[in-house]
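Participant: Here you go, sequence then predicted model.
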Amino acid sequence: MIVLFTDFGLEGPYTGQMKAVLHRAAPGVASVDLFADAPDGNVKASAYLLAAYAAWFAPPAVFLAVVDPGVGGARPAVIVEADGRWYVGPGNGLFELVQRRAARSRCWDIDLKPQHLSASFHGRDLFAPVAAMLAVGEPPPGRPRADDADRRPDWPDDLREIVYIDHYGNALTGLRAPLLPADAKLAVAGRVLGRARTFSDLLPGSAFWYENSNGLAEIAVNQGRADRELGLAIGTPVGVVS
Amino acid sequence: MIVLFTDFGLEGPYTGQMKAVLHRAAPGVASVDLFADAPDGNVKASAYLLAAYAAWFAPPAVFLAVVDPGVGGARPAVIVEADGRWYVGPGNGLFELVQRRAARSRCWDIDLKPQHLSASFHGRDLFAPVAAMLAVGEPPPGRPRADDADRRPDWPDDLREIVYIDHYGNALTGLRAPLLPADAKLAVAGRVLGRARTFSDLLPGSAFWYENSNGLAEIAVNQGRADRELGLAIGTPVGVVS
Amino acid sequence: MIVLFTDFGLEGPYTGQMKAVLHRAAPGVASVDLFADAPDGNVKASAYLLAAYAAWFAPPAVFLAVVDPGVGGARPAVIVEADGRWYVGPGNGLFELVQRRAARSRCWDIDLKPQHLSASFHGRDLFAPVAAMLAVGEPPPGRPRADDADRRPDWPDDLREIVYIDHYGNALTGLRAPLLPADAKLAVAGRVLGRARTFSDLLPGSAFWYENSNGLAEIAVNQGRADRELGLAIGTPVGVVS
């Protein structure tokens, strides 16, 4: 299975052209759209989101992940193998949390030279062909990375910020809920919010946080939109009070 | 074929994670996105929309249908078989019109106990595995329902309201056009609209209603947006004048 | 492979119902969403966009292309074969540039008579069944066109207008970049913009044009939105200064 994680948006030809490459090079392999709306050009927030959602997929899923504000520039192009899952994309920190949380991980510099490599669409011309190769069981077309230009050791293990706003207006944090104290409260936008098991436990209009279905601490308002009612956006700081 | 009908929106990971489950559990079965933007949390409008659009699919299509404002609460989780089509989702009225319009229907309480059942994402953890089982020909994993908690006998046979606004600004009603008198007019937002066969029969800017390609009465403005020009939204009442 | 190019939007049931037809009639053939947001009802802009993006796909791809403001009216329904690629849709000019740029092309009037042909959804009821037939290798179900009602000889070879705004706010023109002088500048919305290789060559906030990954001249602002910052929309005129 090939899983797509990008900030390409839902519109336009970008995801479709990548999928056309995947269909040609890995026929019969299912491709799944996980996020096409990862935080726009925000590699750091995306890295925490990807690590939380990738863990749900059984190995050996292949993640084609592109949040790449520096396309055409000098950042490396990498393949990461972490606990049996494969990741292909820019070496700009996007895989930092995946690697850090893995019991075992390896990284390669892609050395595939495609016939046509556009300056602005490496997702289609470089990363998709590599993802297809991995999905059909070929070895990674690269050489082991020699430096740490793709790593971000200064980033924290969990991110005390909003990393995603979903369709319902719920605000996902970069915090893993199982690592928080059972009675932890979250401080955000001037409010202190208690924990609930899920929506139906609370009165309409109540704001709270809960462990979402992928293990992140998520801020919600029952039958309302937390983003508008609390004034939350990607990057809003979140404090932990316990 | 598995057909998805949800209010999850187009963004985010929800549909993708459900499809990952379907690919794993029913490999090779096509899944089709019918609506990802069913009326948000509006089970009643969704029920009329689903009944109109499901009828177009040849049996034995399996509908994975999730409009579920009470997820995590006490509503039942059900399987419905109606005229050879299968429906899986919350027993909150979503299948009321499908069942009522069927010549023959049956209903089961799902008794599958998945290894991991999140409190907030039954679409992925409970309904998708069941839909996959039905799509590969397994018997419904449930027991016949013993009460009518999933039924809504007080809802009308057709809904005199707008139930959906489409990409073009056209407003779909909950009224089956073939049941309306040939010369029926629709009263909506202070206007009385006549019937037309289709767009090209009228002058640009004209407002009218017509039988859409799935048999619903639909309100449109030729080369315009009916929602903005007439002031229509989901829930706007519609009268029948004949 | 069947490639979808429409102005149906991302929402609603339209693309899903077309894909259900394709899955039934051409099982196992991949279908790819290229554009679901082609310029709304704008056949001319769509024709230049389609010609640029279709060329990227290897023959014998089948394009199911529907931008059809006159559905239900008198425009022909056509099949075009151009340099080994197939196109199915309305004969309203949508395939004008594909045909004009081909070394060799042919055109048929569709004479399929589907059992159920709605007045407003030929994409599902007529064009999708034909696309599926072509994708599985059947001959075109039609007769050679006898007139030029589907052609637009008065349209230019390249369109000096914005034809699409993408997710990042970049503005695609109808101009093929390889045909422009190497030092050409583009005049748009009162500005004259120079050429760059790609984003990372410029300072943040700089406006420029470049050859995009499908060969069109595209106007962008590094780390900004060209549409908002320069005031661009579909139809904005573009001049070539060299």
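Facilitator: Arrived safely. Numbering: from 1, shown residues only, chains lettered A, B, ... in the order given.
Participant: For the rest of this, base every contact and every neighbour count on C-alpha atoms.
Facilitator: Will do.
Participant: Can you tell me the SS state at A:Ala20?
Facilitator: The three-state label given to A:Ala20 by DSSP: H, G, I helix; E, B strand; the rest coil is helix.
Participant: which parts of chain A sit against chain B?
Facilitator: Chain A comes close to chain B at residues A:10, A:30, A:32-38, A:166-167, A:197-201, A:212-213, A:223, as judged by C-alpha under 8 Å from any C-alpha of the partner chain.
Participant: just the buried members of those residues?
Facilitator: Among the residues of chain A next to chain B, those classed as buried by neighbour count (16 or more other C-alpha atoms under 10 Å in any protein chain shown) are A:10, A:30, A:32-38, A:166-167, A:198-200, A:212-213, A:223.
Participant: so which of those residues are also by chain C?
Facilitator: A:Leu10.
Participant: Quick one: residues contacting the residue nearest the centre of chain A.
Facilitator: Geometric centre of chain A, nearest residue: A:Leu50, 2.1 Å, by C-alpha atoms, centre = their mean. Residues in contact with A:Leu50 (C-alpha atoms under 8 Å, 6 or more residues apart in numbering or on different chains) are A:Phe5, A:Phe95, A:Val98.
Participant: How many residues are close by the nearest residue to A:Pro60 once chain neighbours are set aside?
Facilitator: Nearest residue to A:Pro60, sequence neighbours excluded (C-alpha to C-alpha, 6 or more residues apart in numbering or on different chains): A:Arg85, at 4.7 Å. By other C-alpha atoms under 10 Å in any protein chain shown, the residues close to A:Arg85 number 19.
Participant: before we move on, what about A:Gly239?
Facilitator: 13.
Participant: How about A:Phe208?
Facilitator: 23.
Participant: what about whichever helix or strand it is part of, average pLDDT?
Facilitator: Using DSSP states H and E, A:Phe208 falls within strand A:207-211. Computed over strand A:207-211, the mean pLDDT rounds to 96.
Participant: Format the CA atom coordinates belonging to it as PDB.
Facilitator: Coordinates of each C-alpha in strand A:207-211 appear next as PDB, following Å, rounded to 0.1, in the frame of the first residue of the first chain:
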ATOM      1  CA  ALA A 207     -14.800  22.800  25.100                       C
ATOM      2  CA  PHE A 208     -12.500  20.000  26.100                       C
ATOM      3  CA  TRP A 209      -9.600  17.900  24.900                       C
ATOM      4  CA  TYR A 210      -9.500  14.200  24.300                       C
ATOM      5  CA  GLU A 211      -7.300  11.500  22.900                       C
END
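Participant: In helices only, show me the buried ones among the residues of chain A next to chain B.
Facilitator: Among those, no member falls in helices (DSSP state H).
Participant: ok so, going back, so the residue nearest to A:Pro60 is in contact with A:Ala51, correct?
Facilitator: No - taking contacts as C-alpha atoms under 8 Å, A:Arg85 lies outside contact range of A:Ala51: 11.2 Å.
Participant: quick one, what contacts the residue located most distally from the centre of chain A?
Facilitator: Most distant from the centre of chain A: A:Leu203, at 31.9 Å, with distances by C-alpha atoms, centre = their mean. Neighbouring residues of A:Leu203 by C-alpha under 8 Å, 6+ apart: A:Asn222.
Participant: Could you say which helix or strand holds it?
Facilitator: Judged by DSSP H and E, A:Leu203 forms part of no helix or strand.
Participant: distance of it from A:Gly224?
Facilitator: The gap separating A:Leu203 from A:Gly224 is 11 Å, by C-alpha to C-alpha, to the nearest Å.
Participant: before we move on, what about A:Pro39?
Facilitator: Following C-alpha to C-alpha, the distance that separates A:Pro39 from A:Gly224 is 22 Å.
Participant: The two: which is more packed in?
Facilitator: A:Pro39 (23 against 16).
Participant: So the more buried one is in contact with A:Ser46, correct?
Facilitator: Yes - the pair A:Pro39 / A:Ser46 is scored as a contact, 5.9 Å apart, by C-alpha under 8 Å.
Participant: which residues are common contacts for these two?
Facilitator: Jointly contacting A:Pro39 and A:Ser46 under the rule C-alpha under 8 Å, 6+ apart are A:Val163.
Participant: Local confidence estimate at A:Pro90?
Facilitator: For A:Pro90, the pLDDT comes out at 97.
Participant: who's in contact with it?
Facilitator: Listed by C-alpha under 8 Å, 6+ apart, the contact set of A:Pro90 reads A:Ala65, A:Val66, A:Val67, A:Asp68, A:Arg75, A:Pro76, A:Ala77, A:Val78.
Participant: burial of the fourth one, as a residue count?
Facilitator: Neighbours of A:Asp68 under the rule other C-alpha under 10 Å: 26.
Participant: What of the last one?
Facilitator: Residue neighbour count, defined by other C-alpha under 10 Å, stands at 26 for A:Val78.
Participant: three-state assignment of it?
Facilitator: strand.
Participant: And it, what's its pLDDT?
Facilitator: A:Val78 is given a pLDDT of 98.
Participant: what pairs with A:Ala77 across the strands?
Facilitator: Beta-bridge partners for A:Ala77, by DSSP bridges, are A:Pro90.
Participant: for stretch A:52-70, which positions count as buried?
Facilitator: A:52-55, A:57, A:60-70.
Participant: of those residues, closest to chain C?
Facilitator: Ranked by distance to chain C (C-alpha to the nearest C-alpha), the buried residues of stretch A:52-70 are led by A:Gly70 at 6.3 Å.
Participant: so who does the closest one touch?
Facilitator: Counted by C-alpha under 8 Å, 6+ apart, A:Gly70 has contacts C:Phe199, C:Ser200.
Participant: try it again with 7 Å
Facilitator: Listed by C-alpha atoms under 7 Å, 6 or more residues apart in numbering or on different chains, the contact set of A:Gly70 reads C:Ser200.
Participant: Would you mind listing where chain A has pLDDT under the threshold?
Facilitator: For chain A, the stretches with pLDDT under 70 are A:72.
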